[in-house]
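Novice: Sequence plus the predicted model coming up.
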Amino acid sequence: MNADYRWYWAVGLAALVAALYFLSPILSPFLIGMLLAYLGDPLADRLERLGLSRVMAVLVVFALGTGILILCIGILVPLLGNQISWLRDQIPAMIDWVNHTALPWIESRTGVSTDDFRLDTVRETIRDNLSSTGGVLGMILAQATRSTMALITWLVNLFMIPVVGFYLLRDFDYIIERCRNLLPREREPVIVALVKECDMVLGAFIRGQLLVMLCLGILYSLGLWLVGLDLAVLIGMVAGLASIVPYLGFAVGIAAALIAAAFQFGDIFHLVMVVVAFSVVQTLESVVLTPWLVGDRIGLHPVAVIFAVLAGGQLFGFVGILVALPVAAIIMVLVRHANRHYKASEAYMQSADTEDIITDIDQAKPD
């Protein structure tokens, strides 16, 4: 490729990053709409192959997605709202339990002073501030409707997401084809191969990992419910969401569940049952869920996932969090390509010169 055109690509990339930075406050509905279109395209393509028109296939996909969303909201929101409200009411009692039961037990067993870990000030603050707070849904709505402009913006964004998703999904294949026609003819095969690899990684991660997270949230909640934990759904769903980073959901969930079980039951039996529940679910995730739903196509290291999410949030806020993992996956694919290109280059293959240098060094060593 001519060097002049490389400058065009560099300028275009810089313009894209600048636009992402300056337009980040309005990009959220568009990015979520793009995500919906990306997730729904394989199903829409299958429905087209069964004889439906593209518009009808998109309508069916949106109907199924809307039904699943309404079902989840109807089931999970009341459960989570009740458990969050119960947790809010129990926090002062939990702090008293930590101060008068857990910390004295630790001090008696280890001999370490726990005076600096007392939470009396935290307890009083919580009692003063939570007494006037309404339900969880009410708190969310209160934040969203604090001003008329905030309410209008919230409603417009909510309305824009399905509209953007519908039109992008309807024209998804057409947009991909137009973008492909704009590629330099000489570089098209390489770029298409890289894009297909990126799509494989993103598809495995976004579609597969989201399903794994949902299944883990349900299984963790079910296991803790069988144990009898009052916060089963809340802890299970939080653990499922945290599973976007491998093993983080297990660590967060089992720690929260053990603390909740110790506060609720105060015996060894239920603590052991919590460990058993998480161990069984983790085994199912390793043996069944991840190999079946995701496979070994992701290749995103857990540390890379954490860094990508934190860096995206730091640079671009919520929009950065939305695009962090896709960008990380694309960068990973490009790094793999650069690694393959380097190992096929003369700089890597000049082994003869390297062997001569090593031989000269060995000969120069004193006896």
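Specialist: Noted; the coordinates are in hand.
Novice: C-alpha only now, for contacts and for neighbours.
Specialist: OK.
Novice: Surely Met160 touches Pro29?
Specialist: Yes. Look at Met160 against Pro29 with C-alpha atoms under 8 Å: they come within range, at 6.0 Å.
Novice: Neighbour count: these two, which is higher?
Specialist: Shown here are Met160 and Pro29; by other C-alpha atoms under 10 Å, Pro29 has more neighbours (21 against 17).
Novice: contacting residues around the residue lying closest to that one once chain neighbours are set aside?
Specialist: Spatial nearest neighbour of Pro29, excluding adjacent residues (C-alpha to C-alpha, 6 or more residues apart in numbering): Ile161 at 4.8 Å. By C-alpha atoms under 8 Å, 6 or more residues apart in numbering, Ile161 lies in contact with 29-30, 32-33.
Novice: quick check, nearest of these to Ala102?
Specialist: If you rank the contacts of Ile161 by distance to Ala102 using C-alpha to C-alpha, Ile32 comes first, at 44.0 Å.
Novice: need the next SSE after the host helix or strand of that closest one, C-terminal direction.
Specialist: Using DSSP states H and E, the element containing Ile32 is helix 24-49. Using DSSP H and E, the helix or strand that follows helix 24-49 in sequence is helix 54-97.
Novice: Tell me where the model's unsure across this protein.
Specialist: 1-5, 111-151, 246, 294-302, 318-319, 322, 350-367 (pLDDT under 70).
Novice: give the contact list for Leu211.
Specialist: By C-alpha under 8 Å, 6+ apart, the residues touching Leu211 are Leu293.
Novice: Buried residues of the helix or strand hosting it, list them for me.
Specialist: In this assignment (DSSP H and E), Leu211 forms part of helix 210-227. Buried residues in helix 210-227, counted by 16 or more other C-alpha atoms under 10 Å: 210-225, 227.
Novice: Kindly report the same for stretch 167-182.
Specialist: For stretch 167-182, by 16+ other C-alpha under 10 Å, it's 168-172.
Novice: now do stretch 236-247
Specialist: Residues of stretch 236-247 classed as buried by neighbour count (16+ other C-alpha under 10 Å): 236-245.
Novice: Let's have the buried residues of stretch 167-182 in JSON lines, adding secondary structure and distance to Leu76.
Specialist: Below are the buried residues of stretch 167-182 laid out as JSON lines (DSSP: H, G, I helix; E, B strand; the rest coil; distance: C-alpha to C-alpha, whole Å):
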{"residue": "Leu168", "secondary structure": "helix", "distance to Leu76": "29"}
{"residue": "Leu169", "secondary structure": "helix", "distance to Leu76": "28"}
{"residue": "Arg170", "secondary structure": "helix", "distance to Leu76": "30"}
{"residue": "Asp171", "secondary structure": "coil", "distance to Leu76": "33"}
{"residue": "Phe172", "secondary structure": "helix", "distance to Leu76": "32"}
